[in-house]
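prediction below, plus the sequence it came from.
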Amino acid sequence: MTGATRTGDLPARVVVRAPGKVNLALQVSPVGDDGYHRVVSVFQAVSLYEDVTAHRSDGLSITASGPQSELVPLDASNIAWRAAELLAAEVGIEPDVHLHLAKGVPVAGGMAGGSADGAAALLACDALWGTGVPRPRLLELAGELGADVAFPLVGHTAVGTGRGELLTPALVRGELHWAFGLRHTGISTAASYGRFDERLAAAAERGEDVPTAEQWDDEPGVELMAALRAGDAEGVGAHLRNDLEAASCELEPALLEVLDVARAAGALGVVVSGSGPTVAALGRSPRHALALAAAMTAAGVVDDVVTATGNVPGARVLTLPT
Ligand SMILES: C[C@@](CO)(OP(=O)(O)O)[C@H](O)COP(=O)(O)OP(=O)(O)OC[C@H]1O[C@@H](n2ccc(N)nc2=O)[C@H](O)[C@@H]1O
Ligand SMILES: Nc1ncnc2c1ncn2[C@@H]1O[C@H](COP(=O)(O)OP(=O)(O)O)[C@@H](O)[C@H]1O
């Protein structure tokens, strides 16, 4: 237990906004003994948001709204539910809260909408209950909830190592303008990592040189980091990288078409976001990002498109009415 909660002058309702992400790079190690893969993940927070409202309540409950919110579980398997329980257990109180998730990040799209809900719920419950848990501990709790839950607390652009939860902020100049091609058939994160393992095993069987988990290089690519520092969008586009992309494309071959269409439409770079199936296409400007989105729509290769700007802040309290 970290300490007693404050009483008196606590809000009846708190709204927290947390961003979704795109992985500018996702380098993945061979699977470790714990079943997880070490990663070097260059996360960028983008202007698609989850707004989580926490209300005082008896017991714990969740509702959700927004596109595809019918796919979101409203029980103890929801990351926001687990976040509320984890924080309450940390300070030894009952998780008395109703959480409403207004979803703006595509569901099961590899853009960490659920993780953003987990991060937002931690922050919202902290403010609602006055737990006073220090921020470094909140980041640790986020890491316990999932590999991608700490990043939406931090936002901006950061390099995640370990399972992706150990974050180092990255220096970035300027904004990046994204078009995202969305498909409604989600890809499970575990399935994408599983196919990645199968592909490595097959490569080893063919006699190809496959690094062991110990030999694996855990530094982000210098070209990508230099391009980010210089505000060089073309350089960023040229060095987007995702080691899960081939695995996710095997699971959902239609993604290859989406990548081709975005490339042919003149994107500075294209990449599957995380485990997918969202395809991220980098534009030169907001108008160019709109053109890329229009090209994906016109080709009929996506179910929906959305544009967003990269490098936005992490989770923050929007309102604290008394
Ligand atoms: C691939 C990435 C890229 O940012 O995200 P998504 O694209 O799914 O959003 C992340 O690595 C996903 O992070 P997150 O979605 O939080 O993963 P978790 O809930 O912790 O784990 C789900 C499952 O993915 C696998 N997993 C996850 C992270 C990791 N470093 N190695 C793994 O092998 C494990 O099989 C695990 O059971
Ligand atoms: N708060 C949540 N929002 C969305 N999905 C959630 C949430 N909590 C748990 N899930 C489950 O996690 C899966 C992946 O969710 P999501 O975070 O949207 O995508 P991804 O992991 O691809 O970034 C969903 O299909 C759903 O079953």
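Now that the structure is in, tell me what you want to look at. Numbering: from 1, shown residues only. Ligands and ions are numbered 1, 2, ... in the order given.

going forward, measure contacts between C-alpha atoms and count neighbours the same way
Noted.

please name the nearest non-neighbouring residue to G235.
Distances taken as C-alpha to C-alpha, 6 or more residues apart in numbering place A227 nearest to G235, at 5.2 Å, with adjacent residues excluded.

no, scratch that, I was asking about V39
Of all residues not flanking V39 in the chain, V28 sits nearest, at 4.6 Å (C-alpha to C-alpha, 6+ apart).

how about the residues of the protein near ligand 1?
35-39, 110-112, 146-149, 163-164, 189-190, 193, 273-276 (C-alpha under 6 Å from any ligand atom).

separation between the residue nearest to the spatial centre of the chain and G314?
With distances taken as C-alpha atoms, centre = their mean, A112 lies nearest the centre of the chain, 3.0 Å away. Applying C-alpha to C-alpha, to the nearest Å, one obtains 13 Å for the distance of A112 from G314.

kindly report the same for L87.
Going from L87 to G314 by C-alpha to C-alpha gives 19 Å.

likewise for A121?
A121 is 13 Å from G314, where distance means C-alpha to C-alpha.

who has more neighbours, the two?
A121 (33 against 22; other C-alpha atoms under 10 Å).

make sure that one is indeed in a strand.
No - if the criterion is DSSP: H, G, I helix; E, B strand; the rest coil, then A121 is helix and not within a strand.

in the lowest-mean-pLDDT helix or strand in the chain, what counts as buried?
When the helices and strands of the chain are compared on mean pLDDT, DSSP states H and E, strand 316-319 comes out lowest with a mean of 89. For strand 316-319, a neighbour-count test (16 or more other C-alpha atoms under 10 Å) marks 316-317 as buried.

ok, stretch 248-267 next?
Buried positions in stretch 248-267, judged by neighbour count with 16+ other C-alpha under 10 Å: 248-249, 251-252, 255-259, 261-263, 265-267.

and it with ligand 2, contact?
No - Stretch 248-267 lies apart from ligand 2 when judged by C-alpha under 6 Å from any ligand atom; the minimum separation is 11.3 Å.

if we can go back for a sec, if you look at the buried residues of stretch 248-267, which of them are in helices?
248-249, 251, 255-259, 261-263 (DSSP state H).

quick one: which two of those residues are the most distant?
Pairwise distances among these were taken by C-alpha to C-alpha; the largest, 20.7 Å, belongs to L251 and R263.

ok so, going back, just name the closest of the ones in helices among the buried residues of stretch 248-267 to ligand 2, please.
Distance to ligand 2, by C-alpha to the nearest ligand atom, is smallest for S248 among those, at 11.3 Å.

the chain: strands as residue ranges?
In the chain, the strands defined using DSSP state E lie at 13-31, 37-55, 60-65, 97-103, 157-161, 166-169, 176-182, 241-242, 269-272, 279-283, 304-310, 316-319.

send the alpha carbons of the last one over as PDB?
What follows is strand 316-319 as a C-alpha-only set of coordinates in PDB (Å, rounded to 0.1, in the frame of the first residue of the first chain):
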ATOM      1  CA  ARG A 316      -4.200  14.600 -19.100                       C
ATOM      2  CA  VAL A 317      -7.200  15.600 -17.000                       C
ATOM      3  CA  LEU A 318      -9.600  17.700 -19.100                       C
ATOM      4  CA  THR A 319     -12.000  18.800 -16.400                       C
END
